[in-house]
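In: Can you look at this prediction? I've put the sequence above it.
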Amino acid sequence: MLPPPHAPAPLPVRAAVPLGQPGCSAPPAAAGGRSWAAPERRAREDPLDPPRVDLAERQSEEIPFLVETDLEPAEIVKLDRANEWPDVLATRKRKPSLASEPWDGQKPAYFKGGSSKSKEILAAKRLIATFLRMRDANRLIRMGMTTDPEIDARGWCCVALIKLERYEDAARLAAGPDGQSPIGWTTLRYVVQNLAKAGALEAAMHLSRLQAKSGRTKFITAGSRALQNGVEALALYLQSTSAGMPKLLTAHGTQCSLELERMLEFKNDILAITPHRRFKMFTAAFNQLIRWYGRARLVPQALRACEIMNELGIPRDEMTIHFLSRGCAQQLVNLKIAKRYTQVPPDWPGRRPEVFFMGRVNSGKSSMINALFASLTNDAKVNKQKGNTPGLNFFEVNRERFGLPQFSIVDSPGLGTAYKPSSSLKHFPELIFSYLRNRQSLTHVFHLVDVRMKRLLPADKTLIHLLASAARPRVRYTIVVNKIDIVTRKQANATAMAIKTELAPYADVDIMFSSARTKRGVDQMWAKIWQSVTETPRGRKHKLLGPNELLKLRNTMADYDGEGVPKEATSEDTLADLLDLEEAPPVEASSLVDFGDASAQEEGAAPKVSKKKIPGAYADDWDADQLPDDFYMDEEEPDLQEEVFEQGWASQQAVISRQPQEEDFQATEEAPGPGAGR
Ligand SMILES: Nc1nc2c(ncn2[C@@H]2O[C@H](COP(=O)(O)OP(=O)(O)OP(=O)(O)O)[C@@H](O)[C@H]2O)c(=O)[nH]1
Ligand SMILES: [Mg+2]
């Protein structure tokens, strides 16, 4: 018999089950129970912050979070897992893969969109927004700990906690129950940056390292995200230190440099991504870090950061070198130009070390000094005209900056051909020699060579000879192959190789490349300068023209008679040229005065250049036919269309835009020049 139509159906046994449990159909929003998070804290003074609620006590009141179920009460007790975290590691959407693991081409479900859980996600977002408005950190923490990982409300809860300035809780929540299962990488980056700004460096670095567990995406390896976050955190930490407690900047900077070294464990991951991506991810962060190292007067650390950029193949932009230079030279005074040695500023050996720049005319000495100082207004006068610097130009660096070494950088007039009357050039070698010989505070000599000259020209050899005769064994010597922006890498290497081979019998010279225009090599130059001006004489471990080599060089010159000299030196294409102080005869144009032979020219005795030119004053003694073919090099610098190359800084863009350099250079190389007997 059918029951009467209005009789009530028998009710099943129902009991309340906390939200988020099996058997519960409602969105798992905020199950009760306590666990690792939610440390006991005193209520904030903030009037907007409501008094703390003991959720355990109010369990029964949370009616909206309880729903009915068909389960027996005994089963419910068994299922009371409120004290456990959801199994975060098992259900992570992004699998914690190794960064070096290749991308399998599968997009994680997370990125596909259209999740069936979208309603629940929306509900969770609204709930978090409400909690944030209520400033209820407890509920946020609880929710972050207990929501379904598919919904991933943990990240949003972290963001909300950061907004409530509950940094510690946010950090714990972001690190996961075991401290090793991070939230998604974008949210994690946000948390890391805010922690660093708030001064929690260790937490920030720990969370940065956890990025490596987030797995890779299509183009970015996990380790590179870790380093990116790490460097950003370091820079932000130093920035907030300098704003809040500037006296601790140096200490914190040192701490940061140690942390940076530890982050290098992700090196392979960074090398695995493309340079463009490296540029987008790291360059700005490293620039800021270098900037704050500079402010903290931690120049070695800033130089090391540049070195790390090189190591990891992170491209630089102009701000990198700018910040480095501003850190190294924080104060600059252009003392004076000394046209005679009697006019030079007083010598304070030990107190104010000096770095000397020498080279041929137009080899780019003054430009290089400007590049070192990152000058917005050029301090050393530069001109495409040759012979622009009229005397020794002293720049005093960091005189009133305590905590930084005080030193001078000295620009010098170039030797060689110049558009100047010979009388004003004659005393330059003597001036340079007096300086090299007598200046006690001299610590480092940079000899700049224009890369297009392909080898050491007579003026360069004269300079080396002056340095050798000055007998300053403690002075470091570096040959700088300059202007590498206008030749190919191969040509630059060939020039360096030629110079090295030529000087090999005498000294193992230190050679580096640079370009004042593209700022290449400026950081290496600063590193060398810094080493020279900061170290004590005992700590020297550099390549130098040692006393033995210098002695050899001078003896060789003294008894140069073809006997008793090193075998290599008797070959005319080597330093034997240098040992003869007299320079080759001028090529042409009476306006071009080769200072070495100026007197000869005045007397009208300058021999005209023959078809086959032979460098050196002994040219006439030799049988030209017996010399190897490659011996017939142009004595003077090749005609390189100076107007094209030697544009001023202002017209640099024009030069770059039409890019004539390489073709022009190759053309001039092949074009039959005045000495074309080849
Ligand atoms: N492309 C290029 N041009 C450069 C570079 N460095 C300098 N120049 C140019 O070379 C010319 C000479 O530069 P300076 O710095 O005056 O050379 P210098 O050695 O000081 O010359 P003097 O003082 O006359 O001995 C200028 O027109 C610069 O613009 C460089 O790295 N690349
Ligand atoms: Mg100059």
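Out: Yep, it's here. What you see is a predicted model, and the numbers here were worked out from it, not measured in a lab. Numbering: from 1, shown residues only. Ligands and ions are numbered 1, 2, ... in the order given.

In: where's the residue of the stretch 401-550 of the chain found nearest ligand 2 relative to L335, distance?
Out: As assessed by Cβ to the ion, ligand 2 sits closest to D411 within the stretch 401-550 of the chain, at 5.7 Å. Every residue, glycine included, has its C-beta placed from N, CA and C. For D411, the distance to L335 equals 11 Å [Cβ to Cβ, to the nearest Å].

In: Which residue of those two possesses the greater neighbour count?
Out: D411 (25 against 15; other Cβ atoms under 10 Å).

In: contacting residues for that one?
Out: For D411, the residues meeting the contact criterion (Cβ atoms under 8 Å, 6 or more residues apart in numbering) are F357, K365, S366, I369, A380, T389, L392, N393, F395.

In: Run through those and flag the ones next to ligand 1.
Out: Residues of those in contact with ligand 1 (Cβ under 6 Å from any ligand atom): K365, S366, T389.

In: Report whether stretch 510-518 contacts ligand 2.
Out: No - Stretch 510-518 stays clear of ligand 2 (Cβ under 5 Å from the ion), getting no nearer than 11.1 Å.

In: Backbone dihedrals for Q193, both of them.
Out: phi -60, psi -40 (degrees, to the nearest 10).

In: For it, grab the count of nearby residues.
Out: If we define neighbours as other Cβ under 10 Å, then Q193 has 19 of them.

In: likewise E165?
Out: E165, neighbours per other Cβ under 10 Å, totals 14.

In: The residue nearest to it when sequence neighbours are not counted: neighbouring residues, count only.
Out: Excluding its sequence neighbours, the residue lying closest to E165 (Cβ to Cβ, 6 or more residues apart in numbering) is A198, at 7.7 Å. Other residues lying near A198 total 19 when counted by other Cβ under 10 Å.

In: Kindly report the same for A459.
Out: Residues near A459, counting by other Cβ under 10 Å: 24.

In: my read: it touches F428, true?
Out: No - A459 is not in contact with F428 according to Cβ atoms under 8 Å; the separation is 10.0 Å.

In: okay, and the common contacts of those two?
Out: Contacts common to A459 and F428, judged by Cβ under 8 Å, 6+ apart, are L415.

In: Helix or strand: which one has the closest residue to ligand 1 within the stretch 201-350 of the chain?
Out: Closest approach between the stretch 201-350 of the chain and ligand 1, counting by Cβ to the nearest ligand atom: I337, at 11.1 Å. Taking DSSP states H and E as the definition, I337 sits inside strand 332-338.

In: Just the CA atoms of that strand, as PDB, please.
Out: In PDB, the C-alpha atoms belonging to strand 332-338 read as follows (Å, rounded to 0.1, in the frame of the first residue of the first chain):
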ATOM      1  CA  LEU A 332      86.400  63.400  -8.900                       C
ATOM      2  CA  VAL A 333      88.600  66.400  -9.100                       C
ATOM      3  CA  ASN A 334      90.500  67.400 -12.200                       C
ATOM      4  CA  LEU A 335      93.600  68.800 -10.600                       C
ATOM      5  CA  LYS A 336      95.600  70.300 -13.400                       C
ATOM      6  CA  ILE A 337      97.400  69.700 -16.600                       C
ATOM      7  CA  ALA A 338     101.200  69.700 -16.100                       C
END
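
In: Average pLDDT for the following helix or strand past it, rounded please.
Out: Per DSSP H and E, the first helix or strand lying C-terminal to strand 332-338 is strand 354-359. Across strand 354-359, pLDDT averages out at 94.

In: Span of stretch 397-411 from start to end?
Out: 13 Å (Cα to Cα, to the nearest Å).

In: Now do the buried residues in it.
Out: V397, N398, L404, P405, Q406, F407, S408, I409, V410, D411 (16 or more other Cβ atoms under 10 Å).

In: For those residues, name the two members farthest from one another.
Out: The widest separation within these, taken as Cβ to Cβ, falls between L404 and D411 and amounts to 21.0 Å.

In: List the residues that contact the spatially closest residue to S240 that is not a sequence neighbour.
Out: Spatial nearest neighbour of S240, chain neighbours left out: K197 (5.0 Å); criterion: Cβ to Cβ, 6+ apart. K197 makes contact with L236, Y237, Q239, S240, according to Cβ under 8 Å, 6+ apart.

In: how about those, which pair is most distant?
Out: Applying Cβ to Cβ across the contacts of K197, the maximum distance is between Y237 and Q239, 7.2 Å.

In: and the two? which has more neighbours close in?
Out: Shown here are Y237 and Q239; by other Cβ under 10 Å, Y237 has more neighbours (27 against 18).

In: Quick one: list the elements packing against the strand or helix carrying the more buried one.
Out: Applying DSSP H and E as the criterion places Y237 in helix 222-244. Counting contacts by 3 or more Cβ pairs under 8 Å, 6 or more residues apart in numbering; DSSP states H and E, helix 222-244 packs against helix 185-197, helix 201-210, helix 249-263, helix 267-271, helix 284-295.

In: Any idea which of those gets closest to ligand 2?
Out: Nearest to ligand 2, of these and by Cβ to the ion, is helix 284-295 at 26.7 Å.

In: quick check: mean pLDDT across whichever helix or strand comes after that closest one?
Out: Moving toward the C-terminus from helix 284-295, the next helix or strand (DSSP H and E) is helix 299-311. For helix 299-311, mean pLDDT rounds to 93.

In: Point out the other helices and strands that whichever helix or strand comes after helix 299-311 packs with.
Out: Using DSSP H and E, the helix or strand that follows helix 299-311 in sequence is helix 318-328. Packing partners of helix 318-328 (3+ Cβ pairs under 8 Å, 6+ apart): helix 284-295, helix 299-311, helix 365-372, helix 522-534.

In: again, 7 Å this time
Out: The contact analysis (3 or more Cβ pairs under 7 Å, 6 or more residues apart in numbering; DSSP states H and E) places helix 318-328 against helix 284-295, helix 299-311, helix 522-534.
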